[in-house]
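Colleague: Have a look; sequence and predicted model below, questions after that.
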Number of protein chains: 4
Amino acid sequence: MSYARQMLDSYQSAPSADVALLAAAIDAISDCTQACIADTDADLSGQNLTEMVRCIRQCLDCADVCAATGAVLSRPAGYDAAVARPLLQACVAICKSCGDECERHARMHEHCRVCAEACRRCEQACRQLADALR
Amino acid sequence: MSYARQMLDSYQSAPSADVALLAAAIDAISDCTQACIADTDADLSGQNLTEMVRCIRQCLDCADVCAATGAVLSRPAGYDAAVARPLLQACVAICKSCGDECERHARMHEHCRVCAEACRRCEQACRQLADALR
Amino acid sequence: MSYARQMLDSYQSAPSADVALLAAAIDAISDCTQACIADTDADLSGQNLTEMVRCIRQCLDCADVCAATGAVLSRPAGYDAAVARPLLQACVAICKSCGDECERHARMHEHCRVCAEACRRCEQACRQLADALR
Amino acid sequence: MSYARQMLDSYQSAPSADVALLAAAIDAISDCTQACIADTDADLSGQNLTEMVRCIRQCLDCADVCAATGAVLSRPAGYDAAVARPLLQACVAICKSCGDECERHARMHEHCRVCAEACRRCEQACRQLADALR
């Protein structure tokens, strides 16, 4: 069981969302944050830098939006839909476009394939959480 | 002239928004991020902690959302409305509610008065930028 | 295999440290960052807030130092010992004191027990990496 | 007067350091964080990307270390020298090397000149604070 799930199980302040969905989103967001930071570094280490500029930009935005979304979701006791919903929407949008861009390079770059997978899982977990929070 | 404005003036990749509005938003976001982090520490140093719990929570969320919004806005070359708009919406929402909560404590706590002011200015600057980006 | 390990295996730019040690540190740091953010929220939800102030402060510092350390370690291609060593030292120090403080509350608060465990693992993983980087 | 200074003046929990030095460091760190994020974006927008890789890497590390250092310094009530000193040391080191690298491109790129200036001021402010905290 992940630390996120253990933490959520340990106190009774979760929002109306299912704890399993919330923990899954937090875990996927942590993975995606790290993968995007690492992918930026890997992209910068490769050849054909010009082709990787869009991928680097997407990864930078994705890492920052994921970090903020993960932090807000990790503090569920003061849950506020007016903040969490647009934040999840932004997170889904950047994970979608970052995942698309990384996938374009997945054959050439194994690190982009791995990062695309992390983005896809994060996008899906955030969508499911957003649907449950409606 | 702020560093944010100098940086934006130094390269030709700003989004369709007015550079002055963008720089003003980035500067207000930097101030608000720092004020919210500091206000959390000041709140924790005071008496009547129970009354300050909501203020602390709001400041924590506000600092994280502001930091991500400021980072994304500071990289305008890859501007994507599908990400920036909901992110600005989340930022406006948390600055509004954090500003409201800090204002409730402004008479008792000078640090909350200062933080409320930083939140109000950030909320306003982000609203103006969001309107210009429509 | 964690995303951190997959990313490190996918490109040839790791520093002189053992890839397994580096991936373990990055993973432990991600867990600790999230646990500390969540523990702050849980602490604020409890009774006896005055007794938890030190724990909240430590968790806030620990989350921020861990996030930066994790990001720098996730970009190993430009590894610079003059930055990474003191950063790891700061990370070990805050994980140690945060783990100690959380442990003091572990019997009363399950969330502090879980957070203490995340801090201990992070402290240990960062120490091992720091030793290997000498 | 900056928000950082106003916040520090509003409550009596500053560490043994001079409040003016602490506020100056926090302000310089905020500026440097933002300048480094923006410089990354500007570097990615230019020609001769290969020559800018080291600059981009330094800016990414500098932004992350500065953000963490600024957050920890903004919470002075729980000041812990065992954490703050190595963190400031890491911050000085990355500001020094990032400033050096940005300066190398200052003639070609105005954004690097501005970023170098922000790094120099941050390095100096952090050195002065570190000296005062001894």
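Modeller: Good, I have the coordinates.
Colleague: Just give the closest residue to the residue most central in space within chain A, not the sequence neighbours.
Modeller: In chain A, the centroid-proximal residue (CA atoms, centre = their mean) is residue A:29; its distance is 3.5 Å. Spatial nearest neighbour of residue A:29, chain neighbours left out: residue A:70 (3.9 Å); criterion: CB to CB, 6 or more residues apart in numbering or on different chains. C-beta: built from backbone N, CA, C; applies to glycine.
Colleague: What angle do helix C:49-73 and the host helix or strand of that neighbour make with each other?
Modeller: Secondary structure assigned from DSSP states H and E places residue A:70 in helix A:49-73. If you take axes from the mean of the first three to the mean of the last three CA atoms, to 10 degrees, helix A:49-73 sits at 170 degrees to helix C:49-73.
Colleague: Counting neighbours, which bits of helix A:49-73 end up buried?
Modeller: Going by neighbour count (16 or more other CB atoms under 10 Å in any protein chain shown), the buried part of helix A:49-73 is A:49, A:52-73.
Colleague: what angle separates the longest helix that chain A contains from helix D:19-45?
Modeller: In chain A, assigned by DSSP state H, the helix with the most residues is helix A:19-45. Helix A:19-45 runs at 70 degrees relative to helix D:19-45, counting by the same axes, to 10 degrees.
Colleague: before we move on, the earlier item: quick one: check the next helix or strand after the helix holding residue A:70 for contact with chain B.
Modeller: Moving toward the C-terminus from helix A:49-73, the first helix or strand encountered (DSSP H and E) is helix A:81-104. Yes: using CB under 8 Å from any CB of the partner chain, helix A:81-104 reaches chain B at A:82-87, A:89-90, A:93-94, A:97.
Colleague: Give me the distance between helix A:81-104 and the centre of its chain.
Modeller: 7 Å (CA atoms, centre = their mean, to the nearest Å).
Colleague: one step back: report the inter-axis angle for the helix holding residue A:70 versus helix B:81-104.
Modeller: Using the same axes, to 10 degrees: helix A:49-73 against helix B:81-104 is 30 degrees.
Colleague: What is the longest helix of chain A packed up against?
Modeller: Contacts defined by 3 or more CB pairs under 8 Å, 6 or more residues apart in numbering or on different chains; DSSP states H and E place helix A:19-45 against helix A:3-9, helix A:49-73, helix A:81-104, helix A:110-133, helix C:3-9, helix C:19-45, helix C:49-73, helix D:49-73.
Colleague: Reformat these into TSV and put mean pLDDT next to each item.
Modeller: Output for the helices and strands packed on helix A:19-45, formatted as TSV (pLDDT from 0 to 100):
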stretch	mean pLDDT
helix A:3-9	92
helix A:49-73	98
helix A:81-104	98
helix A:110-133	97
helix C:3-9	92
helix C:19-45	97
helix C:49-73	98
helix D:49-73	98
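Colleague: Looking at the ones you listed, which is nearest to residue C:116?
Modeller: helix C:19-45 (8.9 Å; CB to CB).
Colleague: May I see the buried residues of the closest one?
Modeller: Buried residues in helix C:19-45 (16+ other CB under 10 Å): C:21-45.
Colleague: how about the residues of chain A near chain C?
Modeller: Near chain C, when you scan chain A using CB under 8 Å from any CB, you find A:2-4, A:6-8, A:10-11, A:13, A:26, A:30-31, A:33-35, A:37-42, A:44-46, A:63, A:67, A:70-71, A:74-78, A:109-111, A:113-115, A:118.
Colleague: For the closest residue to residue A:52 other than its chain neighbours, give me its contacts.
Modeller: What sits nearest to residue A:52 in space, not counting adjacent residues and going by CB to CB, 6+ apart, is residue A:43, at 4.3 Å. The contact partners of residue A:43, by CB atoms under 8 Å, 6 or more residues apart in numbering or on different chains, come to A:49, A:52, A:55-56, A:59, A:109, A:111-112.
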